[in-house]
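Colleague: Got a predicted structure here, sequence first:
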Amino acid sequence: MIMKSLVQNKWHDVQTFLNTVVDRLTLQVTHPYTITVFRRCVYLYLLFFYLLYLPIATHMWGELSYSLPKTGPLSGSLDRFLDPLSQSTIAPYWTLFLGLQMTLLFIGILGHTSFIHSVLICYLNFALDNKAWVTLNGGNNIIQLMLVYMIAMRPYGSDGNWRYLRNGITNFAFYAALLQFVVVYSVAGLTKLQSNLWRNGVALYYVLNTDEFTTHFAQQHIATNDFLVMAGTYLTLSFQLAFPFLIWQKKIRPYLLAIGTFLHLQIAFVMGLLDFGFAMIICYFLFHSEETSRKILGYFQRRSPLHVAFDSGCLVCMKFARCVKFFDWNGLIVIDSALDSKHPKLKEVSLSRLRQSMHAIDQDSESLATGYESIYQIAIRLPILLPIVPIFKLFNYLNTGERIYSWVSEKSSWRQGCREGVCQILRK
């Protein structure tokens with residue numbers, strides 16, 4: 001009788017636990033803001049690289065494609081469906097695939113998504129990637145997987161009879177994406193652990209001495225330093241092995257994501273794997289809390305225009321101004337001249353101060369930002385910088401950004417006079 005009572009109590013506890021899990025997964029979507037931010041970041045990532053490849057689009061997907069023919073014919077209907085551009089009758093219409101994909105991505109970045117919209121983006125991504133399959137790497141693979149999961153992520157919808165099922169599917173897809181990303185790190189870490197080069201602490205040396213995956217600076221100053229090579233190798237290995245366990249600890253998570261962001265930025269800019277590095281950083285948004293994701297959305301949904309005074313006598317400053325204006329898709333940056341400012345509060349600032357450091361004024365609050373703080377205020381208003389806004393914020397918090405800004409602004413060789421026509425102000 002005692003044993004039977006214990007079994008009944010345990011079974012009751014299990015039933016209670018299962019009911020709690022089911023209620024949590026079906027009563028409401030657990031991470032609607034996080035899903036929204038992640039979706040827009042993935043779409044922004046894809047659109048950025050499609051734009052980057054436009055000058056060589058013909059060589060990527062067109063008749064001059066670098067892609068080698070796949071061995072053997074397309075064996076099944078699924079192969080032909082997912083790789084339509086390899087079929088001679090469809091291949092000439094690659095521009096329609098690319099144009100439609102870029103249009104859908106732009107619409108998705110603006111927040112207009114639906115089930116059909118997600119399916120089309122996923123399918124077109126498979127079609128374009130399969131055409132240029134020889135250029136793919138792990139970054140493309142993880143994004144393809146996330147696009148599949150995103151089809152099932154529907155955080156917003158009607159409150160009809162199907163809402164519980166929709167909530168359950170959305171939450172299941174979200175947690176499946178989290179686990180998928182953790183598995184990537186687990187496999188990467190365990191695979192490295194089997195290599196003698198990684199266990200002996202010298203793997204980074206061989207990576208940095210491979211011309212295709214390094215820079216002259218890295219070869220001269222990192223690859224030749226035994227301590228940096230060994231530290232970088234073991235830190236990378238330790239990070240990948242620890243990530244699957246530590247990422248679930250809320251107190252440790254921000255520091256872990258910061259370390260991972262730094263790691264993948266060096267993969268992007270030192271090794272030249274730009275798409276892979278940023279693909280991994282974007283997946284970090286899956287681990288952001290709802291509060292953080294809500295604030296990120298607020299950066300762009302409730303930001304007021306920013307008046308920025310650029311020194312029109314500085315070549316680098318004006319090139320930066322044109323770059324900012326090009327990526328100001330929401331029209332939130334008003335370019336002004338430090339020599340002839342139009343904003344009343346900027347007119348109150350002395351010309352020497354305006355030329356010494358950049359000044360920016362929030363149109364609504366009229367708060368004044370100078371130096372690196374003005375760079376940060378610009379960054380949070382540009383959608384393309386959304387994935388690395390936390391880095392800007394961290395630099396601002398540590399005051400590292402201001403020191404870097406001061407060093408750059410004091411470079412006399414960069415603050416030379418403008419050639420004729422170079423420093424024309426872009427006015428709004």
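Modeller: Noted; the coordinates are in hand. From a predicted model like this one, the values you see are computed outputs, not experimental measurements.

Colleague: Check which helix or strand the residue lying closest to Met358 once chain neighbours are set aside maps to.
Modeller: The shortest distance from Met358 to any non-neighbouring residue, by C-beta to C-beta, 6 or more residues apart in numbering, is to Ser374 (4.5 Å). (Glycine included, C-beta is placed from N, CA and C.) Counting by DSSP states H and E, the element that carries Ser374 is helix 372-379.

Colleague: same deal with Ile361?
Modeller: Per DSSP H and E: strand 359-362 holds Ile361.

Colleague: Tell me the buried residues in that strand?
Modeller: Buried residues in strand 359-362, counted by 16 or more other C-beta atoms under 10 Å: His359, Ala360, Ile361.

Colleague: partners of the second one in the sheet?
Modeller: Spelled out, it's Ala360. The bridge-partner assignment for Ala360, based on DSSP bridges, gives Val308, Ala369.

Colleague: Can you name the residues that contact it?
Modeller: Leu306, His307, Val308, Ala309, Leu368, Ala369, Thr370, Glu373, Ser374, Gln377, Ile378 (C-beta atoms under 8 Å, 6 or more residues apart in numbering).

Colleague: quick one on the thing from earlier: helices and strands around the helix holding Ser374, which ones?
Modeller: strand 306-310, strand 359-362, helix 389-398, helix 400-409 (3 or more C-beta pairs under 8 Å, 6 or more residues apart in numbering; DSSP states H and E).

Colleague: Out of these, which one sits most buried?
Modeller: Ranked by mean neighbour count under mean count of other C-beta atoms under 10 Å, the helices and strands packed on helix 372-379 are led by strand 306-310, which reaches a mean of 25.

Colleague: Which elements pack onto that strand?
Modeller: Using 3+ C-beta pairs under 8 Å, 6+ apart, strand 306-310 sits against helix 315-326, strand 333-337, strand 359-362, helix 372-379.

Colleague: Of these, which is nearest Asn399?
Modeller: helix 372-379 (8.4 Å; C-beta to C-beta).

Colleague: Among the buried residues of strand 359-362, pick out the one closest to Leu274, please.
Modeller: Closest to Leu274, out of all of those and judged by C-beta to C-beta, is Ala360, at 28.7 Å.

Colleague: re earlier: may I see the helices and strands packed on helix 372-379 arranged in a markdown table, with mean pLDDT as well?
Modeller: Formatted as a markdown table, these follow (pLDDT from 0 to 100):
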| stretch | mean pLDDT |
| --- | --- |
| strand 306-310 | 83 |
| strand 359-362 | 84 |
| helix 389-398 | 78 |
| helix 400-409 | 80 |
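
Colleague: can you redo those as CSV with distance to Leu241?
Modeller: Putting the helices and strands packed on helix 372-379 into CSV (distance: least, C-beta to C-beta, whole Å) gives the following:
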stretch, distance to Leu241
strand 306-310, 43
strand 359-362, 43
helix 389-398, 24
helix 400-409, 29
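
Colleague: These: which one's closest to Arg294?
Modeller: Short answer: helix 389-398, nearest of the helices and strands packed on helix 372-379 by C-beta to C-beta, at 13.9 Å.

Colleague: So which residues make contact with the closest one?
Modeller: 257-258, 261, 265, 296, 299, 372-373, 375-376, 379-380, 385, 400-402, 404.

Colleague: got it, and stretch 180-198?
Modeller: 138, 142, 145-146, 149, 199, 203, 206, 233, 236-237, 240-241, 243-244, 247, 283, 286.

Colleague: One more pass at 7 Å, please.
Modeller: If you take C-beta atoms under 7 Å, 6 or more residues apart in numbering as the criterion, stretch 180-198 is touched by 142, 145, 199, 203, 206, 233, 237, 240-241, 243-244, 247, 283, 286.

Colleague: same check, this time on stretch 252-263
Modeller: Counting by C-beta under 7 Å, 6+ apart, Thr236, Phe239, Phe243, Leu246, Ile247, Ile281, Tyr284, Phe287, Ile391, Leu394 sit against stretch 252-263.

Colleague: can you pull the contacts of the first one?
Modeller: This points to Thr236. Leu263.

Colleague: avg pLDDT for the one helix or strand it maps to?
Modeller: In this structure, Thr236 sits in helix 226-246 according to DSSP H and E. In this model, helix 226-246 has a mean pLDDT of 93.
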